[in-house]
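Trainee: Predicted model and sequence below, questions to follow.
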Amino acid sequence: MDEVQKFRGPRRDEPEAVAGSPSTRVKYSLRFDELPTVGQLVAIAVATAVYTIMSWFCSTFLSTGVPVVSSLFFAIGFGIPFALWFGGWALVIAYIGNAIGAGVMTGQPLPNSLLFGTVDLIQLGVPMLLYRLLAPSFGLDSIGKDVFTAKGFIFFLLCAVIPNNIIGGLYGNYLLMISGIVPANAFLLSWFQWSASTIVLTAVIGSVLLRYLGPVVERFGLTVHGALS
């Protein structure tokens, strides 16, 4: 049977192989194609709810003493995999999760909450864009299933852990400072604590989820292959 299948060529129901990327047979991009499936929309809605609740929990019960600033924002470790799995929907997950979960639900004024929501557009949006645009060129998986290889982990650190958390921490603390929540003389310390903690949490939690849960999410057809579909 295998010899017959080889003669006939690949089955039509198998995803097309990605050249130079043996870790995956699914292509991911930023193209706008067909509408997302019901299953994908349900998965995105669940991810949004999970990220929102985690953001609220971290900002409320793991606070540094400064309003909305968490000393252990473990939600980011889940947010990064969500971003890689769900493409452009990462921006929706990021904004709702931060604006509602770490803003409105913690008692922050609505204008502040809506403004703070833009912080996670950086922290989740940058990894999604870099993985979709660059990972295939390096022969790596676009949703990070190969994160436990040396090459995959270095790429993960450089594209989904370090730059987004440093820039996001800088921008987030700037917003807190101009809003009067963080005093100017505490800016650098607050930025360092924010960036260092989210870098560690993303590297640990995010890598485990990408390696072990990513293949399951993909196998069930829940990952978004294009920008929004």
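Mentor: In hand now; what should we look at?
Trainee: Helices of this structure, start to end?
Mentor: 2-8, 38-61, 75-86, 89-96, 110-116, 119-134, 150-156, 162-178, 187-201, 207-212, 214-219 (DSSP state H).
Trainee: okay, those helices, which one's buried deepest?
Mentor: helix 75-86 (a mean of 27; mean count of other C-beta atoms under 10 Å). The C-beta positions use only the backbone N, C-alpha and C, and glycine is treated the same way.
Trainee: Which of the helices and strands in the protein ranks last by mean pLDDT?
Mentor: helix 2-8 (a mean of 47; mean pLDDT, DSSP states H and E).
Trainee: Using TSV, please lay out the helices of the chain together with distance to S142.
Mentor: Shown next, in TSV, are these (distance: least, C-beta to C-beta, whole Å):
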stretch	distance to S142
helix 2-8	27
helix 38-61	16
helix 75-86	7
helix 89-96	13
helix 110-116	29
helix 119-134	5
helix 150-156	11
helix 162-178	17
helix 187-201	22
helix 207-212	11
helix 214-219	10
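Trainee: mind showing which ranges of the chain have poor pLDDT?
Mentor: 1-25, 67 (pLDDT under 70).
Trainee: ok, now which ones touch the most centrally placed residue in it?
Mentor: The residue lying closest to the centre of the chain (C-alpha atoms, centre = their mean) is I80, at 2.2 Å. When contacts are counted by C-beta atoms under 8 Å, 6 or more residues apart in numbering, I80 is found next to 123-124, 127, 160-161, 202, 206, 210.
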